[in-house]
Each structure stands twice: as structure tokens, then as C-alpha cells.
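> Turn this into a model:
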Amino acid sequence: MTSRSLILALGADHGGVALKTRLAAALVEAGHEVQDYGTDGPASVDYPDYAQAVCAAVAENRADFGILVCGTGIGMSIAANRHPAIRCGLAHDVTTARLTRAHNNANVLALGARIIGEEVALDILRAFLATPFEGGRHERRLAKLTRITEPAP
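Numbering: from 1, shown residues only. Predicted coordinates for the structure are as follows:
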């Protein structure tokens, strides 16, 4: 997935728990450390709780990146992007995964377990982790996003 070992925070609701489990296994197999923030079963849970736990780990530098999974990925991405230190990209294919890192310097990836298959999700995850931020013209845009989240003087 990437040549250096990473610490990855994973979280899912009931709609994404099976895919999260598969992604975690692949990450460990690739030599990465996985922090699993749940959930661990099919009982209905509230996705914002898991998004918050993962985003806190990333924002506090306890994890290099976060991976969030729910049925569509939409709820998780909305919840994650409420956090000022997070740039969460929802990806449905390798191109969006690559560009969310290259152009947006995303530090959290959201996936929809009911939208994409397991193999596509693994390809997306590999692309996300392997792609560096391009910087350059994109830095100006990210600075504007930071200003949006800063409190008014």
C-alpha cells in the first residue's frame, strides 16, 4: 500500500463493519498499525460517534490517517468534515481517492460499503495511502479552508 508503516484509525457504523474488518486485515497484512474505533457488530449505531473518535485520533496525531465506512460513506464524510482539523474525502473509485490526497491533502477517507465492492475498496485504500499531496496551487485553496474554520476575531 505504501512503503512506510502508518498508523491508521478505522471506524464504521453497522452498515460498514464488515468492510472495515476486511480493510483492517489488509492494512495489518501490509505492515501498518490499525486502531479500531468500532463498531464491531450489526446492531444499529450512530455514525457520528465513530467519525468523531477517528477524527480525534487524526487531529491529535495519534494516527496518520483515518478510514471511515458506512453504508454510503456520505454520513461519515459529513460528520468528519465538521471537525476543523479534518479534510475527509468520500471516494468511490481510485481516481477520486488519488485526487482527494493529491489536491485536497485529505487526512480521512470515507467509503460506502453498500456502494462499492470489497476489491474496489481495497484499490481505493491503496491509492489513497500511496498518493502524496501535490502542494503548489492547492496549498492556497487549503489555506482558505483553514480560514473558514477559524473563529472570527
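> what's the nearest residue to Glu118 if we skip its chain neighbours?
Spatially, and ignoring its direct neighbours in sequence, Glu118 is nearest to Arg22 (5.6 Å; CB to CB, 6 or more residues apart in numbering). (Glycine included, C-beta is placed from N, CA and C.)
> Any idea how many residues pack against the one you found?
Burial of Arg22 is recorded as 17 neighbouring residues (other CB atoms under 10 Å).
> same check, this time on the one 5 residues further on
Look at Leu27: counted by other CB under 10 Å, it has 21 neighbours.
> For the helix or strand harbouring the residue nearest to Glu118, buried residues please.
Assessed by DSSP states H and E, Arg22 sits inside helix 17-29. Along helix 17-29, the positions that meet the burial threshold by neighbour count (16 or more other CB atoms under 10 Å) are Val17, Leu19, Lys20, Arg22, Leu23, Ala24, Ala26, Leu27.
> Show the subsequent helix or strand relative to that helix.
Heading C-terminal from helix 17-29 (DSSP H and E), you reach strand 33-36.
> What residues are bridge-paired with the spatially most central residue of the chain?
Computing the C-alpha centroid of the chain and ranking residues by CA atoms, centre = their mean puts Leu109 first, at 2.2 Å. In this entry, Leu109 is beta-bridged to Ile67, Gly89, by DSSP bridges.
> For it, list the residues it contacts.
Taking CB atoms under 8 Å, 6 or more residues apart in numbering as the definition of contact, the neighbours of Leu109 are Phe65, Gly66, Ile67, Leu68, Cys88, Gly89, Ala91, Ala97, Thr100, Ile124, Leu125, Phe128.
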